[in-house]
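> Have a look at this fold, sequence not included:
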């Protein structure tokens, strides 16, 4: 049995979960509403403020889907109650970020500023000039937008310049050895 898949999902007060035909799941909470189409092979049962996911049999495909389905539903429940946050740091001389409306402007040492539009349901804030905070209710969208921003100038191993996640460790390399 899947260790993650067999865990029940506790639905907090103020959150409503609706399962439509074909496993179309809708989760409504204080922060918003999320909808996702899940595998029709999994059975989602609601009992006394908990959700339980069961699989039809022990085929490898269903074992893999069991834990995935449970995690996706749990991420939706956590998203509409607490939301998700990713924090990025910009390191480098002259590298900075600015925010105007829904537009994030990044100066990353290129000949032009890089402008990015916030996706639907995602908000980004700039703390100072070198910290970016991305928040939203959909874990997948928050992570993808953070990855898209980081992709504009990933951190390099020699000086550590670039955009990195707040808790990311950059393995540093030694520069060229001098001639003797």
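Everything's here; your move. All values derive from a computational prediction rather than experimental measurement.

> same for the longest helix along the chain, what does it pack against?
The longest helix of the chain (DSSP state H) is helix 60-81. Judged by 3 or more C-beta pairs under 8 Å, 6 or more residues apart in numbering; DSSP states H and E, helix 60-81 is in contact with strand 9-10, strand 24-29, strand 32-37, strand 50-54, helix 139-151. All C-beta atoms are positioned from the backbone trio N, CA, C, and that covers glycine.

> buried residues in that helix?
If you call a residue buried by 16 or more other C-beta atoms under 10 Å, then helix 60-81 has these buried ones: 62, 65-81.

> Near residue 34, how many other residues are there?
21 (other C-beta atoms under 10 Å).

> That one contacts residue 137, correct?
Yes: contact criterion C-beta atoms under 8 Å: residue 34 and residue 137 qualify, at 6.3 Å.

> shared neighbours of the two, anything?
Common neighbours of residue 34 and residue 137, using C-beta atoms under 8 Å, 6 or more residues apart in numbering, are 79-80.

> hang on, the earlier thing: quick check: angle from the next helix-or-strand element following the longest helix of the chain to helix 139-151?
With elements assigned by DSSP states H and E, the helix or strand that comes after helix 60-81 is strand 84-91. Here the directions of strand 84-91 and helix 139-151 differ by 10 degrees (axes from the mean of the first three to the mean of the last three C-alpha atoms, to 10 degrees).

> Quick check: buried residues in whichever helix or strand comes after strand 84-91?
As assigned by DSSP H and E, the chain's next helix or strand after strand 84-91 is strand 96-100. Residues of strand 96-100 classed as buried by neighbour count (16+ other C-beta under 10 Å): residue 97.

> Could you check the angle strand 96-100 makes with helix 139-151?
Using the same axes, to 10 degrees: strand 96-100 against helix 139-151 is 130 degrees.

> Contacts for strand 96-100, please.
90, 104-107, 124-126, 129-132.

> Give me the residue ranges of this structure where confidence is low.
The chain contains residues with pLDDT under 70 at 1-2, 178, 180.

> Hmm, residue 171 and residue 156 touching each other?
No: taking contacts as C-beta under 8 Å, residue 156 lies outside contact range of residue 171: 10.9 Å.
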